[in-house]
Structures are given as structure tokens and as C-alpha cells.
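**Student:** can you look at this prediction? I've put the sequence above it.
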Amino acid sequence: MSLAAQSRQLCLQPQRSTARLQQPAGGAARLAAPRQRQQLRLTCAAQLTAEQPGLRTDIDWDSLGFGLQHVGETMWMATCSADGQQWSSGELLPYGPLPMYPSAQALNYGQAVFEGMKAQRSAKDRVVLFRPDCNAQRMHEGALRLSMVPPPQELFLEAVKKTVEANAALIPPQGKGSLYLRPLLVGSGPILGLGPAPSYTLVVYCAAVGAYFKGGQLTPIDLIVETRFHRAAPGGMGGTKCAGNYSPVLVTQLAAKKEGYSDVVYLDAKTDTYLEEVSSCNIFVVKGKTIRTPPLQGTILPGVTRRSIIEMARSRGYTVEEVPVSVDEAMEADEIFTTGTAVVVSPVGSLTHQGLRRQFGNPGEPSPVALELYDQLTGLQQEKYDDPFGWIVPVC
């Protein structure tokens, strides 16, 4: 029985299959009964051709956080056998559990890569994506690094667009947030000995989200330099968006948050001298009209937002250098900011290293370069400004 068929079977048996599954807050992960599921399919099909379905009226769009409180009721899924390496065409399904054996490769040996993307309502009264081809390429590269069967770019893009269309009522009003999309590729087939999975599953689910950090989108964050643990090492997996890269940072991140910091900055594993990245975002250091960011050498994630900010800043007259940035240089910078799909552009209010704290700008106020680039990036993403780079992809 295929994974999609098993998923449908789970939907037919909600009480037995989900009694012990923890549901996201708000009961958003409902499993549809047969008639409800058929109605959902018809609704999804209708939304594919609808210009723009009405917004949900039961959501306070001004108080969105970053979580699963408003998860999309529809997900997209496709499967692939490692033998034939032929992906199924994929289909929309009710959001719910994925049926996997305890011996699934991903659960035992960690074959899992994912992406983070956003769909937004734009000033041109349409729903758009931002550089989805870059996410497709990064998943492809990550899959190859983990000996997985990568989905074709066309399938990836179709999956993302159909997920957006099916959950369009969850896309916040312009400027209120976005529909966060999570494409997830896992080795779902069962295996006992170490080896690639016999089959793979690509899933795309989504949720309506607001600012990533609790203080708000442009509230400066406080970072501390981690001096004991490292996020990645040369020759390792730091340059891929594999699932295993993220939980190891929790021990330091949670400890930092208990001390009042927003997140931690990791140093290079060779010398403990140079900045690499924050737990889940890239970092930039500003001095005058020069912006520096750590280079891509296999230990940091090639962020789509990072790449975009580099290109955008250069187009605005800044000198952008991808070079090693020491802690000492960062402590003497005019300002620091971080970038990522979730955080967008986030100004750094302070950086603490070995007990020494450096404040950047006025407390509680975003720094000027970060604010400028945030405005330009989000203005382009929301089609308030022209897109000379060709980054915007309309969906509906």
C-alpha cells in the first residue's frame, strides 16, 4: 500500500490512528472523514481557479506569532521508490499524520531535509512567492548530500504553488504576516541496516505566521557568542538544510534564552575566532558602507535571504564582502543584523562575548542599514517596489 493510500486510510480511522498523537494548538490538524475529505478535495479544486478566496474571519491577523496555531488544513504529498527513482504526480490531502514504520530510515538514520518559504499578498492584489527556484535547488543539493532521491524542480514548484492555492484563505492581509511553507523530504521507507531509504516522501504543509522573534519584526535582538559548542565543522553537513542540523543547537539556545538572550552566535570549529551563523539565520556585520558576512565554505547555510540581501545591498551602493569575520571585528562594528526566511532582516541590539557586552544603536530601535534593507526587501516581496531582479513569482 502506498504512503498516500495509508494516509487516506488514517483519515478514515481518526479515533484509532490519532488518539495518541499530539495535535497542534487550536486543533488545526483535523483529520477529515470520507465525506468531509471529498468535500475538501472539491474545495481545493475550486480554489485552484478562484482569483482570491476570502480571508478567514476567525483569526486576529494583528497578533500572529510563529507557530502552528493556524496551520493549513490541506497539505501536498508525493512519493518515490528508490529503485525506479520516479516520483508520483502528487496530490492534495487533509493535513494529518504521516504513516511510517518505526523502521523508517528518517526515524533511525536521519534522511530528512526541509525548506522554509513564504507566500504573501502583494500590493498588486495577488499572492506571490519569493525565489522558490532557489529553495528547490537547495533541497536538491541537500538530498544528494544525504544520498536521497531529489524531487525534480518542476514537481517541487508545483507542490508549493498548489499548497498555497489550497490554503489561500490563511494568507494574512498584506503587511500582517505571511503563509509559511515547509517542504519536507524524508526517507520514509523501512530499513534495518544503515543505507539509503527504499522510498521517499515529499510533503508540503503551511501555517499563517507573524514575526519570528517574540519582540516583533524589527525589535533588536540580543545575541551571545557560544564558546563551547559548535554548530558545524569543515567537511560536515553545515551547508545543508538537513533536519539533524537543528536540534543540536537547542542546548545552547535554550540556555541563552534563560539568561535573557534571543539567540546564540556560533564560531568556526577550527580556531574559535570567526563568526559562522546564528542558530537558524545568517549574520552580517556593518562598518560604514561596507557589509561583511561569513563566506560559504560548507559550514554555514546558503540562505536565500542572505543571497538576496547581498545582491540588493550591492545594487544600493554598499560594498559587500563574503570573508571571515572575527569576533573582535564584530564587537567593533557599527551594526550587526541577521537574515533568514523566518526572521527576514533582524537588527542586533547587542552582542555579548566572554562577559563583554557591546550595544549597537539606541536600545529598542532598529539600526539604519538593517532598517533600510528590511524595507527594500519586504517592499519588493510585497510588490510595493519594482522587482528589477525577477525574484517574484505570482501564484494567484
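**Tutor:** Yes, it's here. Residues are numbered from 1 along each chain as shown.
**Student:** I'd say residue 367 and residue 345 touch.
**Tutor:** No: using Cβ atoms under 8 Å, residue 367 is not in contact with residue 345; the gap is 10.2 Å. All C-beta atoms are positioned from the backbone trio N, CA, C, and that covers glycine.
**Student:** so, low pLDDT: which residues of the stretch 51-200 of the chain?
**Tutor:** Applying pLDDT under 70 to the stretch 51-200 of the chain picks out residues 51-53.
**Student:** the same query, at a cut-off of 50, please.
**Tutor:** In the predicted model of the stretch 51-200 of the chain, residues 51-52 satisfy pLDDT under 50.
**Student:** so where do the helices sit in it?
**Tutor:** Assigned by DSSP state H, counting those that start in this stretch, the helices in the stretch 51-200 of the chain fall at 105-108, 132-145, 153-166.
**Student:** and the second one, which residues are buried?
**Tutor:** Neighbour-count burial for helix 132-145, with 16 or more other Cβ atoms under 10 Å as criterion, is recorded at 132, 134-140, 142-143.
**Student:** repeat for the last one
**Tutor:** Residues 155-166 are the ones in helix 153-166 that count as buried (16+ other Cβ under 10 Å).
**Student:** where exactly do the helices run in the stretch 201-350 of the chain?
**Tutor:** 250-258, 304-315, 327-331.
**Student:** tell me the most buried of those?
**Tutor:** helix 304-315 (a mean of 19; mean count of other Cβ atoms under 10 Å).
**Student:** find the nearest non-adjacent residue to residue 386, please.
**Tutor:** Spatial nearest neighbour of residue 386, excluding adjacent residues (Cβ to Cβ, 6 or more residues apart in numbering): residue 380 at 7.7 Å.
**Student:** element containing that neighbour, please.
**Tutor:** Using DSSP states H and E, residue 380 falls within helix 368-381.
**Student:** give me the contacts around that helix.
**Tutor:** Contact with helix 368-381 is made by 118, 120, 122, 128, 130, 217-218, 286, 291, 305, 308-309, 312-313, 316, 318, 334-335, 337, 344-348, 361, 366, 384-387, 389, 391-392, as judged by Cβ atoms under 8 Å, 6 or more residues apart in numbering.
**Student:** just stretch 102-116 next, same as before
**Tutor:** Against stretch 102-116 from outside (Cβ under 8 Å, 6+ apart): 100, 135, 138-139, 142-143, 146-148, 180-192, 194-198, 200, 240-244, 340-342.
**Student:** list the buried ones in that stretch?
**Tutor:** Residues of stretch 102-116 classed as buried: 104-109, 111-116 (neighbour count, 16+ other Cβ under 10 Å).
**Student:** which two among those residues are spaced furthest apart?
**Tutor:** Farthest pair in the buried residues of stretch 102-116 (Cβ to Cβ) is 108 and 116. Separation: 24.9 Å.
**Student:** quick revisit: adjacent strands (with direction) for the helix or strand following the helix holding residue 380?
**Tutor:** Next in sequence after helix 368-381, counting helices and strands by DSSP H and E, comes strand 392-394. With DSSP bridges as the test, strand 392-394 is paired with strand 127-130 (antiparallel).
**Student:** what sits up against the strand it pairs with?
**Tutor:** 52, 117-122, 160-161, 164, 168, 171, 304, 308, 381, 383, 391-396.
**Student:** before we move on, the earlier item: dump the buried residues of helix 132-145 to a markdown table, plus distance to residue 235.
**Tutor:** Listed next are these as a markdown table, based on distance: Cβ to Cβ, whole Å:
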| residue | distance to residue 235 |
| --- | --- |
| 132 | 30 |
| 134 | 24 |
| 135 | 25 |
| 136 | 25 |
| 137 | 22 |
| 138 | 19 |
| 139 | 21 |
| 140 | 21 |
| 142 | 16 |
| 143 | 19 |
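**Student:** pretty sure residue 218 contacts residue 347?
**Tutor:** Yes: counting by Cβ under 8 Å, residue 218 touches residue 347, with 6.7 Å between them.
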